[in-house]
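J.: Fold the stuff below for me.
(2 chains)
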Amino acid sequence: MTTLYQERREDATVGMQTGETLVEIDGLKTYYGGSGMFSGKPVKAVDDVSFDVHRGETLGLVGESGCGKSTLGRTLMQLETATAGDVRYDGTDITTLSGKNLKEWRQNVQMVFQDPDSSLNTRMTVGEIIMEPLNVHGWKTPQKRRERVRALLDIVGLAEEHYYRYPFQFSGGQKQRVGIARALALEPDFLVLDEPVSALDVSVQAKILNLLDDLQDEFGLTYLLIAHDLSVVEHICDRVAVMYLGKIMEIGPVDAIFDDPANPYTNSLLSAIPEPDPTLKKSRITLRGTPPSPRDPPAGCVFSTRCPFKIRPEKYEDLDDDVWEAVEVFREVLRERSDVTKSVSERVRELLGMETKGMDVDEVVEDAFGGLNTPSDVRQTIDEAVEYVERDDLASAQETLRDEFGSVCEREQPEQHQVGDTGRVSRCHRHREEYMDTQEYRATHDFS
Amino acid sequence: MSDSQYAPDSRVDEEALLSVDNLQTAFFTDKETIRAVDGVSFEISRGESVGIVGESGSGKSVTARSIMGLVDSPGRIVGGSIQYKGRELVDNTEKDWQQIRGGEIAMVFQDPLSSLNPVYTVGNQIKESLRLHQGMRGREATQKAIELLEDVGIPDAPRRIDEYPHQFSGGMRQRAVIAVALACDPDLLICDEPTTALDVTIQAQILDLLHELKEEKNIGIMFITHDMGVIAEVADRVNVMYAGELVEKAPVDELFSNPKHPYTQGLLESIPSRNERGSELTTIEGEVPTPKEPATYCRFAPRCPKAFDDCEQVHPVPVAVDESADEHEAACLLYPEDVNQSEAVELHRSREDATEQEVPE
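T.: Numbers count the residues shown, from 1 in each chain, chains lettered A, B, ... in the order given. Now for the predicted structure:
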């Protein structure tokens, strides 16, 4: 075993100390669809993402499902084609590699997938599975390959007699070990771990995380860990990137992000983690609704439709929190309605000028504002929007509301701001001097 | 369904809504008998949520399915009793079960997409449930379906009722499944890993919802999960399962602050957030065994850091962890804590239970 990675090990240790950059991502975009003449808008899975991965570190990538974290991981491995931007690995731009060069480069990076059931071929023995990358890349002689597979089995904590067994004879944790052994076969430097432990029980999960940690120490590996379980990320990562709707909202050292989150989205995400301590009564921010479609992201900040810390127009700064919430709920409903594609019969009725299924919003307004003491100017704008909706003009209704209640958050995309001196970067208008910062706002408003 | 068949609600309030006693469910194959649930006892009252935690293969879901009468051949309930509102469920015929399922005990499964029918609108599926269990039809049913969707926090319900499951997001689908379950007006809701497939932000919404429902409708909730964080948030009392048996039960605060069974301790210690950032995680050696033979020993002993000789010889039974604890039980030879070890072992040895017998084929 000791010979397995030895030559590189010394280099890697040096690299870790200097914290040199291994992967440099600059303005990366991955869009799906939208290239043909008749196709609609593209799905912006990864939208203008830039960050660095340092040699020897574990970078966590977290976010809700559909935020583009897996696509980003796959694009880094050239499993997806980038629409724009560069990925420089050790200085070479890999988005331009192809053919023989690409295959050669691929030895450096490997991936561990979430579901070991679907990433291991059920008709191959474990030995064959682990040997496959060696065969594909024509590594040394068959004899040497078999030896290497045995060594790999040993490294990941499996026994030699497992060589001739099939995946179904293994438990979930053991299968994941096979996946890791396969990923290590070609001595890669960089591993993309796509939710490696989310299909496992907590006690098994702990073992796999310890294994990954040991392997990193031993071979100086660099990890990009994609996960939605924040407690896992908190535990094993050095730095964390928080992603929302194709954008990196905040990136920085794990301690800074978890102890003092700067971005509103990070705040909300962290407060949603259930703590395994029933006596701890933390104030939880429950986000409303779901992320908007990546096909049609909001014009301003991507998080503006759900952000509980959204900057209000000056006029409404002192508006009662409940009324503000009601306005947001009302806007959310209109947004969802405009997302729904109309059925063919509805569209035909519309074209023929017949009455469509109606756009009754009275009940929605009643639900949202009933029992609240709504100031007259708010009321007036809402009524105006309701009128538009009744005339089936959702776009104008939304525009009216945006003009009245929208702020910089909905008009401009936020810049990346440096936060503190730990190299943390966050994308939010609240970091600008003229606005109250997130923590301060959180302290002065009630989020129970 | 006729309400008179079940005890009137007022009387039931005094006793447990569901009481499971020494339940044994086994699966029979040519090769072996798997005792998936082996001597499990617990109670659920109205307005409380009881959590069941354990690793995969510990028998949590089979327990739930036994209570719903959903154990299929080659599996069978082989012993013990399940009393619901004072009525025995174990010997029910299929017809009896149909009256219990849905109307009295409803279940929410892990994956919302596979529990909704993709070719019917969400409204249709809620209305089906209303028609079968409450005899409601037409406009009345539609109105009620809208109310139910609003109850589970789906905005703009009158429009969304005509949409199909694929038009709903993951969290909203799970809300719709809960609405279908609530349409039958059950008194007991069994949730089998209802948030495992969801994101944390959506999980938080669903947990909030379940908490509200418990308070407002005064229903009992049985919550199955392997996530200790979720348990800490939803459960009032917790049962820990291991290899078909309940190894520890306690109120939630007590269990987290003062876990007694070595397995519970190991389980809690392996949670990443309970370990110091960046340090090696504590693990439990080995894997969950499949319970195949009568338990004449402690099934956790091979993995237990505190095992001693008697653990191989004596089967531990649930006992109060010490004299003062009335609600905290552990099935471990180390307890009761306030007597010396040989006395404790003797106590466990003297108490016989069905778990130590062969199950009848």
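J.: Please make it C-alpha for all contacts and neighbour counts, starting now.
T.: Will do.
J.: Whichever residue of the stretch 151-300 of chain B sits closest to chain A and A:P196, how far apart?
T.: Closest to chain A within the stretch 151-300 of chain B is B:G229: 3.9 Å, counting by Cα to the nearest Cα. Distance, B:G229 to A:P196, by Cα to Cα, to the nearest Å: 20 Å.
J.: The two: who's more crowded?
T.: A:P196 (26 against 18; other Cα atoms under 10 Å in any protein chain shown).
J.: these two touch, right, that one and A:F113?
T.: Yes. A:P196 is in contact with A:F113 according to Cα atoms under 8 Å; the separation is 6.0 Å.
J.: ok, back up a step: run through the residues that contact the residue of the stretch 151-300 of chain B closest to chain A.
T.: Taking Cα atoms under 8 Å, 6 or more residues apart in numbering or on different chains, we find B:G229 in contact with A:273-277.
J.: Of those, which ones also sit close to chain B?
T.: Counting by Cα under 8 Å from any Cα of the partner chain, A:273-277 from those sit close to chain B.
J.: Using the three-state scheme, assign whichever residue of chain A sits closest to chain B.
T.: Taking Cα to the nearest Cα, chain B has its nearest neighbour within chain A at A:P276, 3.9 Å off. At A:P276 the chain is in coil, as set by DSSP: H, G, I helix; E, B strand; the rest coil.
J.: secondary structure element for the residue of chain B positioned farthest from its centre?
T.: Going by Cα atoms, centre = their mean, the residue of chain B most distant from its centre is B:R139, 36.0 Å out. Using DSSP states H and E, B:R139 sits within helix B:138-151.
J.: which residues sit against the next helix or strand after that helix?
T.: The first helix or strand that comes after helix B:138-151 along the chain, using DSSP H and E, is helix B:157-160. Under the contact criterion Cα under 8 Å, 6+ apart, helix B:157-160 has outside partners B:122, B:146-147, B:149-150.
J.: Can you give me the buried ones in helix B:157-160?
T.: B:157-158, B:160 (16 or more other Cα atoms under 10 Å in any protein chain shown).
J.: Need the residues you listed in CSV (columns: pLDDT and distance to B:L246).
T.: Rendered in CSV, the data for those read as follows (pLDDT from 0 to 100; distance: Cα to Cα, whole Å):
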residue, pLDDT, distance to B:L246
B:A157, 84, 42
B:P158, 84, 45
B:R160, 86, 42
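J.: Quick one: residues in contact with stretch A:106-120.
T.: A:77, A:129, A:167, A:172, A:175-176, A:179-180, A:183-184, A:186-199.
J.: In helices, which of those residues fall?
T.: Applying DSSP state H to these, the entries found in helices are A:129, A:172, A:175-176, A:179-180, A:183-184.
J.: Could you identify the most distant pair in these?
T.: A:G172 and A:L184 (18.7 Å; Cα to Cα).
J.: Comparing those two, which shows the higher neighbour count?
T.: Ranked by neighbour count (other Cα under 10 Å), A:G172 and A:L184 place A:L184 first, with 28 against 21.
J.: Tell me which residues touch that one, please.
T.: Remark: with contacts taken as Cα under 8 Å, 6+ apart, A:L184 is in contact with A:110, A:152.
J.: Model confidence at it, what's the number?
T.: The model reports A:L184 with a pLDDT of 93.
J.: surely B:Y164 meets B:L116?
T.: No. Assessed by Cα under 8 Å, B:Y164 is found out of contact with B:L116, at 9.4 Å.
J.: between those two, what contacts are shared?
T.: Joint contacts of B:Y164 and B:L116 (Cα under 8 Å, 6+ apart) are B:V122.
J.: about what we covered before: now do the residue of chain A closest to chain B against A:L102, distance only.
T.: For A:P276 relative to A:L102 (Cα to Cα), the value is 45 Å.
J.: So for these two, which sits in the more crowded spot?
T.: A:P276 (19 against 14).
J.: ok, how many other residues are close to the closest residue to B:Q357 other than its chain neighbours?
T.: Nearest non-adjacent residue to B:Q357, counting by Cα to Cα, 6 or more residues apart in numbering or on different chains: B:P294, 5.6 Å away. Neighbour count of B:P294, defined by other Cα under 10 Å: 15.
J.: Let me see the ranges of the helices in chain B.
T.: B:9-12, B:60-68, B:94-100, B:112-115, B:122-134, B:138-151, B:157-160, B:170-183, B:200-217, B:228-234, B:252-257, B:262-269, B:341-350.
J.: cool, the stretch 51-200 of chain A as well?
T.: A:69-76, A:99-106, A:116-119, A:126-136, A:142-155, A:172-184 (DSSP state H, counting those that start in this stretch).
J.: winner for burial among the ones you listed?
T.: Ranked by mean neighbour count, these are led by helix A:172-184 with a mean of 24 (mean count of other Cα atoms under 10 Å in any protein chain shown).
J.: can you list the residues of the stretch 251-361 of chain B near chain A?
T.: B:252-253, B:256-257, B:267, B:270-284.
J.: Just the buried ones from those residues?
T.: For these, buried by 16+ other Cα under 10 Å: B:252-253, B:256, B:267, B:270-275, B:277, B:280-284.
J.: Go through the residues you listed and name the one nearest B:P318.
T.: Using Cα to Cα, those come closest to B:P318 at B:V252, 17.5 Å.
J.: For that closest one, which non-adjacent residue is closest in space?
T.: Per Cα to Cα, 6+ apart, closest to B:V252 is B:R237, 5.0 Å.
J.: beta partners for that neighbour?
T.: B:V50, B:P251 (DSSP bridges).
J.: what's the answer for A:E250, then?
T.: Beta-bridge pairing for A:E250 (DSSP bridges): A:V242, A:S426.
J.: Neighbours of it, how many?
T.: Neighbours of A:E250 (other Cα under 10 Å): 26.
J.: Please tell me how far it sits from A:D259.
T.: 14 Å.
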